[in-house]
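Undergrad: Take a look and give me a structure for this.
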Amino acid sequence: MDGVTAGFIGSPGEAADAESAAGVSALFRAHHLELVRLALVMVGDLAAAEDVVQDVFERLHRRWHRLRNRDSALAYARSAVLNGCRSAHRRAAVARRHLAALRALPHRQREVLVLRYYLDLDIAEIAATLRINPSTVRSTSARGLAALASALREGER
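TA: Just a heads-up that it's a prediction; the model follows:
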């Protein structure tokens, strides 16, 4: 996490687990809405913002015992939310690029690849679904994967 963990030291025990729960719960009650609002402004989607903040609180709970200065917990949480939003933007950009490349494929190649890699169907199931020969599924899949790889390489340039 981009240097954010630098504020942590040590290892947990049972007392630390109880202290973590109490400390994180208090921080959650006091600042959850603020952090969700921050994430929402950054990512533009409520569900994604809530996911980012939830991940931050989960990590904070695991690392609470290593926090050097409990007064810096809110600053850590804000920083972690911003880092989580950056990661969400990167993941979304990659997903958009991949979906655009998939949509650019001919219909049959796209159908075969979606059935194979999204629904995890085997060759026989794809052949039955599309009413084509299994050998056609294999060749269409190979051509589709090659075209997809080429499009993604071109998109990186």
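Undergrad: Please name the nearest non-neighbouring residue to residue 108.
TA: Spatially, and ignoring its direct neighbours in sequence, residue 108 is nearest to residue 140 (5.7 Å; Cβ to Cβ, 6 or more residues apart in numbering). Just so you know, the C-beta spots here come from the backbone N, C-alpha and C atoms, and that holds for glycine as well.
Undergrad: where does the protein have low pLDDT?
TA: Within the chain, the set of residues satisfying pLDDT under 70 comprises 1-16, 157.
Undergrad: what helices or strands is the helix or strand residue 32 falls within leaning on?
TA: Secondary structure here is read from DSSP states H and E; on that basis residue 32 sits in helix 14-43. Secondary structure elements in contact with helix 14-43, counted by 3 or more Cβ pairs under 8 Å, 6 or more residues apart in numbering; DSSP states H and E, are helix 46-63, helix 73-103.
Undergrad: CSV for the ones you listed, including mean neighbour count and distance to residue 24?
TA: CSV is the format used below for those (neighbours: other Cβ atoms under 10 Å; distance: least, Cβ to Cβ, whole Å):
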stretch, mean neighbour count, distance to residue 24
helix 46-63, 18, 5
helix 73-103, 16, 8
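Undergrad: quick one on the thing from earlier: who's in contact with the residue nearest to residue 108?
TA: Counting by Cβ atoms under 8 Å, 6 or more residues apart in numbering, residue 140 makes contact with 108, 109, 112, 132.
Undergrad: Residue 20 now?
TA: 12, 61, 62, 64, 65 are the contacts of residue 20 under Cβ under 8 Å, 6+ apart.
Undergrad: please redo it, this time with the cut-off set to 7 Å
TA: Residues in contact with residue 20, defined by Cβ atoms under 7 Å, 6 or more residues apart in numbering, are 61, 64, 65.
Undergrad: Can you give me the neighbour number for residue 26?
TA: Residue 26 has 12 neighbouring residues, counting by other Cβ atoms under 10 Å.
Undergrad: Please read the previous query as pertaining to residue 144.
TA: Based on other Cβ under 10 Å, the number of other residues close to residue 144 is 22.
Undergrad: Figure out the helix or strand that it lives in.
TA: Secondary structure here is read from DSSP H and E; on that basis residue 144 sits in helix 134-156.
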